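*Asks:* Need a 3D model of the sequence below.
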Amino acid sequence: MKRLVEEIEDDGFTPFLGQRITLLCMNYFYTGKLIATNKDFVELTDAAIIYETGEWNTKGWKDAQPLPGNVRVRVATIEAYGAWK
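*Replies:* Presented below is the predicted three-dimensional model:
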């Protein structure tokens, strides 16, 4: 991947390792701390499924339900991601 400031090699998720991120997927939204990534999956700990976002400019999700254990999400289903909320 090339950027305007510098050239780096990563899969897009590597810079977020150890951070809490949000994944906007085909069917559901997930949030959690990114602890692992490979070409097929990302793994979140302290994860939740987001049923209702609320206003995007407010802190926290309107309805986010905790998920038990770690969660793996297939990369192919992720449409957007970032360190939001």
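*Asks:* Quick one: the strands in this protein, in order.
*Replies:* In the chain, the strands defined using DSSP state E lie at 20-25, 29-37, 41-52, 63-66, 71-74, 78-82.
*Asks:* contact partners of the third one?
*Replies:* With CB atoms under 8 Å, 6 or more residues apart in numbering as the contact definition, strand 41-52 has outside contacts at 13, 20-23, 28-37, 61-67, 70-75, 78. C-beta here means a position set from N, CA and C on the backbone, and glycine is covered the same way.
*Asks:* Below-threshold pLDDT in this protein: ranges please.
*Replies:* Filtered on pLDDT under 70, the chain yields the residue ranges 1-10.
*Asks:* again, only this time at 90
*Replies:* Applying pLDDT under 90 to the chain flags the ranges 1-12, 85.
*Asks:* residues in contact with T77?
*Replies:* 25-27.
*Asks:* among these, who's most crowded?
*Replies:* Greatest neighbour count in those, by other CB atoms under 10 Å, goes to C25: 17 neighbours.
*Asks:* I'd assumed V71 was in contact with that one.
*Replies:* No: contact criterion CB atoms under 8 Å: C25 and V71 do not qualify, at 11.2 Å.
*Asks:* In ChimeraX, select just the buried ones from the contacts of strand 41-52.
*Replies:* The buried residues among the contacts of strand 41-52 can be selected in ChimeraX (16 or more other CB atoms under 10 Å) with this line:
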select :13,20,21,22,23,29,30,31,32,33,34,37,61,64,67,71,73,75,78
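*Asks:* wait, isn't N70 in contact with I35?
*Replies:* Yes: proximity of N70 to I35 meets the contact threshold set by CB under 8 Å, at 7.1 Å.
*Asks:* what distance separates stretch 62-76 from the centre of its chain?
*Replies:* How far stretch 62-76 lies from its chain's middle: 9 Å, per CA atoms, centre = their mean, to the nearest Å.
*Asks:* what sits up against that stretch?
*Replies:* Under CB under 8 Å, 6+ apart, the answer for stretch 62-76 is 13, 23, 25, 30-32, 35, 39-54.
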